[in-house]
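Undergrad: Pasted the sequence and its predicted model underneath.
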Amino acid sequence: MLLLFSCNTGKLNILTSIDHEIDEASAIEIVKGFNLFWTIEDSGNQNYLFGLNQKGNIAKKIRIKNAKNKDWEDLTSDSLGNIYIGDFGNNHKKRKHFSIHKVQHSDLDSDEAIAKTTNFSLPKDMASEDFEAFFLLNNNFYIFSKNAKKSTLLRVANKEGKQKAKLVTTFKLEGKQTKITSAAISPDKNIIVLLNHDKLWQITNFDSQNFLKGDLKKMTFDHSSQKEGICFKNDSIVYITDERTKGRESYIYTFNLKDSNY
């Protein structure tokens, strides 16, 4: 399935730099009731959910007591303000079992939390892949692989315990640098965004049963960095994070999907 799009360019607006205690901000999420940006670090780091204030400083640090950080890659949330941690990174493509950890909204005021976990395995005969992006829609997780040429989309039920992932589709994005590093869906459920290091793809006018047949628009940023996290501020503006690299800060950006330049 080949997705066609129109091309646009646009600028990212720097909101703030990210606390130096966090080297690899691999996700971003916001929830009602907290004026914080939630983030995590990926493999090789500790099992903390961080809350950053508007200046990018750590204001909250929650240790997930019953979940190791095997390779945490993305965050999403539900309408009740529960946050979900996607532990499905798989750089060496050897994992057979993956997890999504639910941190309840009531625990976001605490210093420690016990997560409720969805453990899932891949469909039969499917090769192991690296996953870095997901969002929640109609009580299902939609999880994207980070492949260079062709991406795989899985669906996993939002239920505690063991689940079997279902293959939704495989698809190809046109152009170079098409690895998907994060994903999000707007509060009104009308826009989906997929993130890359130098661009994002916006999907609109989609059917909830097959949103990849919607209208796809590529929006290219004015610079490239290791962008790993995206979430919606509202139905038209997204927050984006990137990781710190040698000689370069890690930032939280805003990006307006409805800018007149697009």
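TA: That came in fine, so what should we check first?

Undergrad: tally of neighbours for residue 205?
TA: 11 (other C-beta atoms under 10 Å). (C-beta placed from N, C-alpha, C; glycine too.)

Undergrad: So what does it look like in phi/psi?
TA: phi 50, psi 50 (degrees, to the nearest 10).

Undergrad: Just list the residues touching it, thanks.
TA: By C-beta atoms under 8 Å, 6 or more residues apart in numbering, residue 205 lies in contact with 214, 215.

Undergrad: Can you report how many residues neighbour residue 49?
TA: Neighbour tally, residue 49, other C-beta under 10 Å: 26.

Undergrad: quick one: it from residue 155, how far?
TA: Residue 49 is 25 Å from residue 155, where distance means C-beta to C-beta, to the nearest Å.

Undergrad: Helices of the stretch 1-150 of the chain, residue ranges please.
TA: Secondary structure of the stretch 1-150 of the chain, counting by DSSP state H, counting those that start in this stretch: no helices present.

Undergrad: how close does the residue nearest to the spatial centre of the chain get to residue 73?
TA: Note on the chain: the residue nearest the mean C-alpha position is residue 182, at 3.5 Å, using C-alpha atoms, centre = their mean. Taking C-beta to C-beta as the criterion, residue 182 is separated from residue 73 by 8 Å.

Undergrad: joint contacts of the two?
TA: 27, 132, 133, 228.

Undergrad: right, and residue 182 touches residue 230 too?
TA: Yes: between residue 182 and residue 230 there is a contact at 4.5 Å, judged by C-beta atoms under 8 Å.

Undergrad: Pull up the overlap in contacts between these two.
TA: Contacts common to residue 182 and residue 230, judged by C-beta under 8 Å, 6+ apart, are 28, 195.

Undergrad: what residue ranges in the stretch 151-262 of the chain score low on pLDDT?
TA: Residues of the stretch 151-262 of the chain meeting the criterion pLDDT under 70: 260-262.
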